[in-house]
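[1] What would the 3D arrangement of this be:
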Amino acid sequence: MPSVQCLLLTYDALNESGTFSEGDTVNGKLTLVLLKDISAQSLYVKLKGDAEVRWSKKTGDKTRTYSSSKRYFKLKQFLIAAQDSKETDVPKGTHVYKFSFKIPEQSMPSSFRGSHGKIIYKLEAALSRSWRMDSTTKKEINFVSKAFPNIHSLMAPQVGSVHKEMGLFSSGQVHMDVGVDKTAYAPGETAMIVAQINNSSSSDMNPKFSFIQNVVYRASGSTKLENLVIHKVVGKCVKAQTRQEVQCAIKIPPGQMQTIQNCEIITVEYFFKVYLDISFAFDPEVLIPVTILPLDFTPGLQPGVTASPYLAGATGGPSNSDFPPPAASFGPYPASPNSGGYGYPEAEGYSVPKPAYSDNPPMYAFPSNAYPAQPPHLSGGYNNPVPQPQAPYGSPFSSSSSTPVLHPPPSAPTFHPPPSAPAINPSPSSSFNMSPSAPTHNSLSSAPMMNVDFLSQSDEPPPAYSLLFPSSAPGNSDAK
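    Model (predicted):
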């Protein structure tokens, strides 16, 4: 009849998922049920974390085995300790022993089990008696690492692009830009992938989206790779000589294993793979790395709020301009703050400059309708310039005095008013065309008022310099 009826390990959970991380304390109990009195040499509990890999490779008639292991920590606590090599008498009945371990605060990988390796954190208990086999028990704990450096940078969007010149069976080229709203996701989240495809070739192609897991095992200078396609989506066909934007939503499975990058012998990585399936040609593809974080470990986002993808210009993405965004769009792609003529990111394109607030502001303010829209050959096809607000100070022209003058606008809190200077009497026959880019003359506070409607003058040459600014010497007034 056996003496030990039961040896049971239990521990207290810290959260609903029953996970532990770096620096957490594992509190538990060891229950020993004896059917009769015994003499024990020792009774102890251990908590340890280990990683190990093992696989075999056959070459011809020879088979080579690769293996490696890594220990992260080992903690041991004696509940019954031998004193001076003497055994301890333990009466029959139920005995409950409490224990406590603090997990080291160091970077360690999360728990993992694969076909060629594993990372395990477990509690072990053993009762040792002389002339008998040890009574043992063990229980695994779910360890979830939170050692993710630069966690906030993982909330930034990602972009990738690929360009391919077509080969023997088709002509032209194809360009694809791919963007995702961020880099890190928790299980259960949905990732939005946006692909902008410019098919300037003679072939039709199908965009395809995949969520891929790569597991790499390392031992004795060799590696073993496992590749698993977790989810795959096929988009609509992109016809030849067309441009198209394709969006795809991929949900991360709720129980998906998180990324492991801090283990020397096992690595778990994830990718979004976007590629174009082209017949009789190599498929151009974009791989975007993805980090899977533990649940409730995605800082930087409010609950229920999803970050927008990088092509968010169509819905009002961020802008550094103080003016409203232009209403015009370029082709079928939405315009973004960093997009060019086709909406591709990082390309040079039209941008609205910020207003210049300097210590010497422009002297004159013109109404918003003073100048007509530029023709296409001058504005590069952008016929609607950025709309300007109406002049807040009314018309800058005044005829209340006998000598018409052009007044500067009233001073604003953030502007310094220009200095004043005596008005210059113009010549009766002088006329000129004002230009939106007319230079600012800080030495003058007023300019002569013309008796000709200068807004209707568009083809006349500029006035002579001497007519606008007559010399103080009457004998030197000839125009050069």
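[2] tell me the secondary structure for L154?
    helix (DSSP: H, G, I helix; E, B strand; the rest coil).
[3] thought it was touching A184?
    Yes - in terms of C-beta atoms under 8 Å, L154 counts as a neighbour of A184; the distance is 3.6 Å. In short, each C-beta sits where N, CA and C put it, glycine included.
[4] what is in contact with those two at once?
    Counting by C-beta atoms under 8 Å, 6 or more residues apart in numbering, the shared contacts of L154 and A184 are 148, 291, 293.
[5] Between the residues you listed, identify the one with the most neighbours.
    L293 (22 neighbours; other C-beta atoms under 10 Å).
[6] number of nearby residues for W131?
    With neighbours defined by other C-beta under 10 Å, the count for W131 comes to 4.
[7] can you tell me how far it sits from Q41?
    10 Å (C-beta to C-beta, to the nearest Å).
[8] For L154 and A184, indicate the residue with more neighbours.
    A184 (23 against 20).
[9] beta partners of the more buried one?
    T291 (DSSP bridges).
[10] Does it touch T291 like I think?
    Yes - between A184 and T291 there is a contact under C-beta under 8 Å: 4.3 Å.
[11] okay, and the common contacts of these two?
    By C-beta under 8 Å, 6+ apart, the residues touching both A184 and T291 are 148, 154.
[12] Buried ones in whatever helix or strand S161 lives in, by neighbour count?
    Secondary structure assignment for S161, by DSSP states H and E: strand 158-165. Buried residues in strand 158-165, counting neighbours by 16 or more other C-beta atoms under 10 Å, are found at 158-160, 162, 164.
[13] what's the answer for stretch 35-54, then?
    38, 40-49, 51-53.
[14] Can you show me the strands along the stretch 1-150 of the chain?
    For the stretch 1-150 of the chain, strands defined by DSSP state E, counting those that start in this stretch occupy the ranges 4-11, 19-20, 25-34, 38-40, 42-59, 62-80, 88-90, 93-102, 112-113, 117-128, 135-143.
[15] between those, which gets nearest to E264?
    E264 sits nearest to strand 62-80 of all the strands of the stretch 1-150 of the chain, at 5.8 Å, using C-beta to C-beta.
[16] low pLDDT regions in this structure?
    Along the chain, the model assigns pLDDT under 70 to residues 1, 296-480.
[17] domain assignment for it?
    Per automatic domain parsing, the domain ranges recorded for the chain read 4-143, 158-311.
[18] Sort out which residues of stretch 118-125 are buried, please.
    By neighbour count on 16+ other C-beta under 10 Å, the buried set for stretch 118-125 is 119-125.
[19] Is it possible to get CSV of those residues that adds distance to E189?
    Formatted as CSV, these follow (distance: C-beta to C-beta, whole Å):
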residue, distance to E189
I119, 24
I120, 27
Y121, 26
K122, 30
L123, 32
E124, 36
A125, 39
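[20] Return the member of those residues nearest to P253.
    After measuring the buried residues of stretch 118-125 against P253 - C-beta to C-beta - the closest member comes out as I119, at 19.7 Å.
[21] list the contacts for that closest one?
    Per C-beta under 8 Å, 6+ apart, neighbours of I119: 49-51, 109-113, 260, 263, 266.
[22] Okay, and the beta partners of it?
    A51, F112.
[23] What number of residues are in the vicinity of Q247?
    12.
[24] Columns distance to V215 on top of the contacts of I119, output as JSON lines?
    Output for the contacts of I119, formatted as JSON lines (distance: C-beta to C-beta, whole Å):
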{"residue": "G49", "distance to V215": "19"}
{"residue": "D50", "distance to V215": "18"}
{"residue": "A51", "distance to V215": "13"}
{"residue": "P109", "distance to V215": "12"}
{"residue": "S110", "distance to V215": "13"}
{"residue": "S111", "distance to V215": "14"}
{"residue": "F112", "distance to V215": "9"}
{"residue": "R113", "distance to V215": "11"}
{"residue": "I260", "distance to V215": "9"}
{"residue": "C263", "distance to V215": "11"}
{"residue": "I266", "distance to V215": "7"}
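[25] Pick out whichever of those sits closest to F143.
    When these are compared against F143 (criterion: C-beta to C-beta), the nearest one is S111, at 4.8 Å.
[26] mind checking how far that closest one is from K164?
    From S111 across to K164, the span is 42 Å (C-beta to C-beta).
[27] Kindly report the same for F143.
    44 Å.
[28] So in that sheet, which strands flank the helix or strand in which Q247 is found, and in what orientation?
    Per DSSP H and E, Q247 falls inside strand 242-251. Within its sheet, and counting by DSSP bridges, strand 242-251 is paired with strand 190-201 (antiparallel).
[29] buried residues in the partner strand?
    191-199, 201.
[30] Likewise for stretch 203-220?
    So for stretch 203-220, counting by 16+ other C-beta under 10 Å, buried means 203, 205-213, 215-219.
[31] Assign S170 to helix, strand or coil.
    coil.
[32] So it sits against M205, correct?
    No - look at S170 against M205 with C-beta under 8 Å: they stay out of range, at 9.8 Å.
[33] Now list whatever residues contact both of those two.
    Among the neighbours of S170, those also in contact with M205 (C-beta under 8 Å, 6+ apart) are I278.
[34] I'd like the buried residues of strand 190-201 written out as CSV, with distance to K57 added.
    Below are the buried residues of strand 190-201 laid out as CSV (distance: C-beta to C-beta, whole Å):
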residue, distance to K57
A191, 36
M192, 41
I193, 37
V194, 42
A195, 39
Q196, 43
I197, 41
N198, 45
N199, 43
S201, 42
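[35] got the contact list for the closest residue to S39 other than its chain neighbours?
    Spatial nearest neighbour of S39, excluding adjacent residues (C-beta to C-beta, 6 or more residues apart in numbering): E87 at 4.0 Å. Applying C-beta under 8 Å, 6+ apart, one finds that E87 lies in contact with 39-41, 129-130.
[36] Widest-spaced pair of those?
    The most widely separated members of the contacts of E87, counting by C-beta to C-beta, are A40 and S130 (9.2 Å).
[37] Same list, the strands of the stretch 1-150 of the chain, but as TSV with distance to I252 please.
    Output for these, formatted as TSV (distance: least, C-beta to C-beta, whole Å):
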stretch	distance to I252
strand 4-11	29
strand 19-20	18
strand 25-34	29
strand 38-40	49
strand 42-59	24
strand 62-80	27
strand 88-90	50
strand 93-102	32
strand 112-113	17
strand 117-128	21
strand 135-143	18
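[38] which helices and strands does whichever strand or helix holds K208 pack with?
    K208 belongs to strand 205-219 when assigned by DSSP H and E. Applying 3 or more C-beta pairs under 8 Å, 6 or more residues apart in numbering; DSSP states H and E, we find strand 205-219 packed against strand 42-59, strand 62-80, strand 190-201, strand 222-234, strand 242-251, strand 266-278.
[39] could those strands go into a markdown table alongside distance to T31?
    Listed next are those as a markdown table, based on distance: least, C-beta to C-beta, whole Å:
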| stretch | distance to T31 |
| --- | --- |
| strand 42-59 | 12 |
| strand 62-80 | 11 |
| strand 190-201 | 44 |
| strand 222-234 | 40 |
| strand 242-251 | 42 |
| strand 266-278 | 34 |
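[40] related to what we said a few turns ago, distance to E22 for the contacts of E87 - can I get that in CSV?
    Converted to CSV, the contacts of E87 look like this (distance: C-beta to C-beta, whole Å):
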residue, distance to E22
S39, 40
A40, 34
Q41, 34
R129, 36
S130, 39
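[41] and F99, how many neighbours?
    Other residues close to F99 by other C-beta under 10 Å number 21.
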